[in-house]
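Q: Model the structure of this input:
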Amino acid sequence: MKFFATICVALFLSTGCNHQDNKSESTGTTTAPMLALDSTGTAAEADQEQAPPQQPTPGTTTNATGGEKEVPLPVERKIIKTANLTLEVKRIVDFQRSLTPKFKKYGAYTSSEENSFADDRSEILLTIKVPVQSFEMLMNDLNSGDGKITERSVHSEDVTAQFVDTKTRLETRKKLRLKYLEFLQQAKNMTEALQVQAEINTIQEEIEAAEGKIQFLSAQAAYSTINLRLVEPTPGYVYRDKSPSFFVSLLDAFINGGLFLKTIVIGLISIWPLLIILLLLYVFVQRRRKASRSIKNSA
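A: Numbering: from 1, shown residues only. Below is the predicted model of the structure:
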């Protein structure tokens, strides 16, 4: 416990010293002009060589007291773009073939593919990854084909604040890890060393989590996502009205009745062993009844 109290005091003092240094740097001092007596005995201002004004270094600016203070450099914005695009095409296979040269041109690739089929159409969903600088060009190129656009949406998410905050926390944890490594070298026994090592392990896990988040945000911002859905209508398919006529409903009912009868017959055939057992049981019961009746009549 004393060792950890010493660690906390040392961390507090180091933080206070840094704050005091920054405070002392921020307060400037002025020097009064030097005076000298001339031959007449009057006071005259001594000639002093004036140094040329210093140019501020990049990333700094001059404050009111003549000192320099750091100015944060502009941060590259991290924006995650996601688009949803649905195209109705004549043939999905032909349209997919036309995508290959476009992907090579813009450095895009397909990360996943899903297929679905229905009576009226066939669909395929492509998840496309494209560099953010080629996002708009690929979107315009996809729209310029023979496909008919039925849905188009673009969503942008600015994660710059998350990226900067995570990066700042990462640098802070790295500095704290260095402090604990110094304390680990000053440990007097195994117990203190294990306690400090446990803190270092916790900080290391936080550092790895922050690094993973930074890599994830960077990758998401570097490559945009396009969810491209291709729809191919089935040739010759006739869409029925939502409110069919009486004769159409009657025909549907007749067809559904035939399908129901077909299902029953197939079901009965599939359980023929059970039907045979029931038939034998019925015959056995009838014979027992006849036998009992004949016994009663003879009596």
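
Q: low-scoring stretches of the protein, by residue?
A: Applying pLDDT under 70 to the chain flags the ranges 1-75, 144-145, 236-244, 299.

Q: which residue sits closest to the residue most central in space within the chain in space, ignoring its chain neighbours?
A: The centroid of the chain falls nearest to residue 220 when counting by Cα atoms, centre = their mean (6.9 Å). In this structure, residue 220 finds its nearest non-sequential neighbour in residue 80, 4.7 Å apart by Cβ to Cβ, 6 or more residues apart in numbering. Bear in mind the C-beta positions are built from the backbone N, C-alpha and C, glycine included.

Q: Going along the chain from the helix or strand hosting that neighbour, find the next helix or strand for me.
A: Assessed by DSSP states H and E, residue 80 sits inside strand 79-88. Next helix or strand after strand 79-88 toward the C-terminus (DSSP H and E): helix 92-106.

Q: top helix in the protein by residue count?
A: In the chain, with assignment by DSSP state H, the single longest helix is helix 190-222.

Q: After that one, heading C-terminal, what element do we hit next?
A: strand 223-233.

Q: Could you pull out the helices in the chain for me?
A: According to DSSP H, the helices that the chain contains are 2-26, 92-106, 135-143, 160-185, 190-222, 246-270, 272-298.

Q: Any idea which of those gets closest to residue 116?
A: Of all the helices of the chain, it is helix 92-106 that lies closest to residue 116, at 11.3 Å by Cβ to Cβ.

Q: show me the residues around the closest residue to residue 233 other than its chain neighbours that make contact.
A: With Cβ to Cβ, 6+ apart as the measure, residue 121 is the residue that lies nearest to residue 233, at 5.0 Å, once sequence neighbours are left out. The contact partners of residue 121, taken as Cβ atoms under 8 Å, 6 or more residues apart in numbering, are 231-234, 237.

Q: quick one on the thing from earlier: and the residue nearest to the centre of the chain, how far from residue 234?
A: Applying Cβ to Cβ, to the nearest Å, the value for residue 220 to residue 234 is 37 Å.

Q: now residue 254
A: Taking Cβ to Cβ, one finds residue 254 at 25 Å from residue 234.

Q: again, but for residue 295
A: For residue 295, the distance to residue 234 - Cβ to Cβ - is 72 Å.

Q: of the two, who's got more company?
A: residue 234 (12 against 9; other Cβ atoms under 10 Å).

Q: nearest residue to residue 147 other than its sequence neighbours?
A: For residue 147, the spatially nearest residue (Cβ to Cβ, 6+ apart) is residue 87, at 3.3 Å.

Q: can I assume the one you found is in contact with residue 150?
A: Yes - using Cβ atoms under 8 Å, residue 87 is in contact with residue 150, at 7.2 Å.

Q: what do those two both touch?
A: Joint contacts of residue 87 and residue 150 (Cβ under 8 Å, 6+ apart) are residue 231.

Q: that older thread, now the buried members of the contacts of residue 121.
A: Neighbour-count burial (16 or more other Cβ atoms under 10 Å) applied to the contacts of residue 121 gives 231-232.

Q: Among the contacts of residue 121, list the two that are farthest apart in space.
A: Between all members of these, the farthest pair (by Cβ to Cβ) comes out as 231 and 237, at 12.6 Å.

Q: just to revisit the earlier point, tabulate the contacts of residue 121 in a markdown table, adding columns for distance to residue 172.
A: Below are the contacts of residue 121 laid out as a markdown table (distance: Cβ to Cβ, whole Å):
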| residue | distance to residue 172 |
| --- | --- |
| 231 | 51 |
| 232 | 55 |
| 233 | 58 |
| 234 | 60 |
| 237 | 63 |
